[in-house]
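>>> Quick one, what's the 3D model for this:
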Amino acid sequence: MKINQLLILILLLSTSCLTSAQTSKSKKYIVNGYVGGFRGLVNTEQIDAKKLTHINYAFVNVQDSLAVLTNLATDSTNFRKLNALKLINQDLKIVISIGGWAWSENFSDAVLTESSRKKFAVSSVEIIRQYDLDGVDIDWEYPGMKGEEGNIYRPEDKQNFTLMFKAIREELDKLALEKGEKYLLTTAVGGSKSFVEHTEMGNVAQYTDYILIMTYDYGGKNGTVGHHTNLYADKGDSTMSSADRSVQNFIAAGVPAEKIGLGAAFYGKGWEAENITANGLGQKRIKSVQGGGYTKIKDTLINQNGYKKFYDKKAKASYLFNPVTKILITYDDEKSIKAKCKYVKRKKLAGIFFWEYFSDPKGYLLSEINENLE
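Numbers count the residues shown, from 1 in each chain. Next up is the predicted model:
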């Protein structure tokens, strides 16, 4: 082969390798979507896998100190179909989420002793092994505090919460040695200051890859109407709950910023206000009403059916108000999502996660995240 031909061949190979590397380049930030498998079969054909880095499958139950698939037929099918999305996005990670609001009642018992923690950790990782998944997410609502009615909780939860992650990490490390793969351990955590006070988040961070702060479901204080997923406090009350305040509290507790996932709500929350003052904000709540998913809000409610759209510039939060029914609906939209993406970059956080994928089936918000967190 002539020298010129050899040089051309080397150049072509180099270009090919570079193109391949650019094609498979991972996203800089995590974009983690929760998918509700508890409803039954998941329509994975509607999931835009290229725009995600992680899917957290919700939920796995906790019974008798074991992680349990209570809908085995649909869960197993869903795992197979979700794994198939890796043909579209080879970097996509599928993680099981254990607990959630409805299935957290037995966590305290499950992690009470060293032997029970071992049992729980082994069963959690066995699901990963059996279905060839990528990690475990813990959504305990809430350690040391009352969550749903009937939940078991005790003061020892504070230390046992940490020890649970230690036990799961040890089992994941064993699987990693066996399979030659890296496995994830994450947790979804409440955004309140009380959650931080009832846990040892600095210690938990040593064992986890990401800590996903549920920066939604805030609402107003003392039974008043307020934003539910605002980035900042509004101008009327600098002490109100906000995503920024939650992030600051977790960082102060020892959680590295680069491990924090910021929560986005793909759904709205609604309340009937006592009166129309300030478009319902800060007024006494009369009752809760259905807010709906963002696709529904965007397509049928924004500046329609008696609702007018407003944007709180200080809080970086959107809301609708109907002065006739006195109903306010608070939600994330493209504008507030863009603000959250900027915040993630500025604060050097891990990225964004959201609940729940099919609350916005048209992908309005995921597209906004994808555009702003490349």
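>>> any weak-confidence spans in the protein?
Counting by pLDDT under 70, the ranges of the chain that qualify are 1-26, 236.
>>> what about 50?
Along the chain, segments meeting pLDDT under 50 span 1-24.
>>> show me where it has strands.
30-36, 54-63, 66-68, 93-99, 135-139, 184-190, 210-214, 260-265, 267-273, 285-293, 308-312, 317-322, 327-331, 351-355 (DSSP state E).
>>> Listing partners with orientation, what would you give for the fourth one?
The sheet places strand 93-99 alongside strand 54-63 (parallel), strand 135-139 (parallel), with pairing taken from DSSP bridges.
>>> Next, the buried residues of the first one.
Neighbour-count burial for strand 54-63 flags 54-62 (criterion: 16 or more other C-beta atoms under 10 Å). In this view, the C-beta of every residue, glycine as well, is placed from N, C-alpha and C.
>>> quick check, nearest of the residues you listed to Ser246?
Asn56 (18.8 Å; C-beta to C-beta).
>>> Identify the bridge partners of that closest one.
The partner residues for Asn56, given DSSP bridges, come to Tyr34, Val95.
>>> In this structure it contacts Asp137, no?
Yes: shown here, Asn56 and Asp137 form a contact pair, counting by C-beta atoms under 8 Å, at 5.0 Å.
>>> tell me, what's touching these two both at once?
Residues touching both Asn56 and Asp137 (C-beta atoms under 8 Å, 6 or more residues apart in numbering): 95-97, 186, 188.
>>> Which one of the residues you listed sits in the busiest neighbourhood?
Neighbour counts for the shared contacts of Asn56 and Asp137 (other C-beta atoms under 10 Å) peak at Thr186, which has 27 neighbours.
>>> sorry, back to before: make CSV out of the strands paired with strand 93-99 and add distance to Asn249.
Shown next, in CSV, are the strands paired with strand 93-99 (distance: least, C-beta to C-beta, whole Å):
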stretch, distance to Asn249
strand 54-63, 23
strand 135-139, 19
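>>> Ok, which of these comes nearest Val196?
With C-beta to C-beta as the yardstick, what comes closest out of those is strand 135-139 (16.0 Å).
>>> contacting residues around that closest one?
56, 58-59, 93, 95-100, 104, 124-125, 128, 164-165, 168, 172, 183-188, 209, 212.
>>> among the shared contacts of Asn56 and Asp137, which two are most distant?
Ile96 and Ala188 (12.3 Å).
>>> Common neighbours of the two, please.
Contacts common to Ile96 and Ala188, judged by C-beta under 8 Å, 6+ apart, are 56, 137.
>>> got the contact list for the residue nearest to Ile260 when sequence neighbours are not counted?
In space, and not counting its chain neighbours, Ile260 is closest to Leu349: 4.7 Å by C-beta to C-beta, 6 or more residues apart in numbering. Counting by C-beta under 8 Å, 6+ apart, Leu349 touches 29, 247, 257-258, 260-262, 343.
>>> now Ser108
Taking C-beta under 8 Å, 6+ apart as the test, what Ser108 contacts is 143, 151-154, 156-157, 160.
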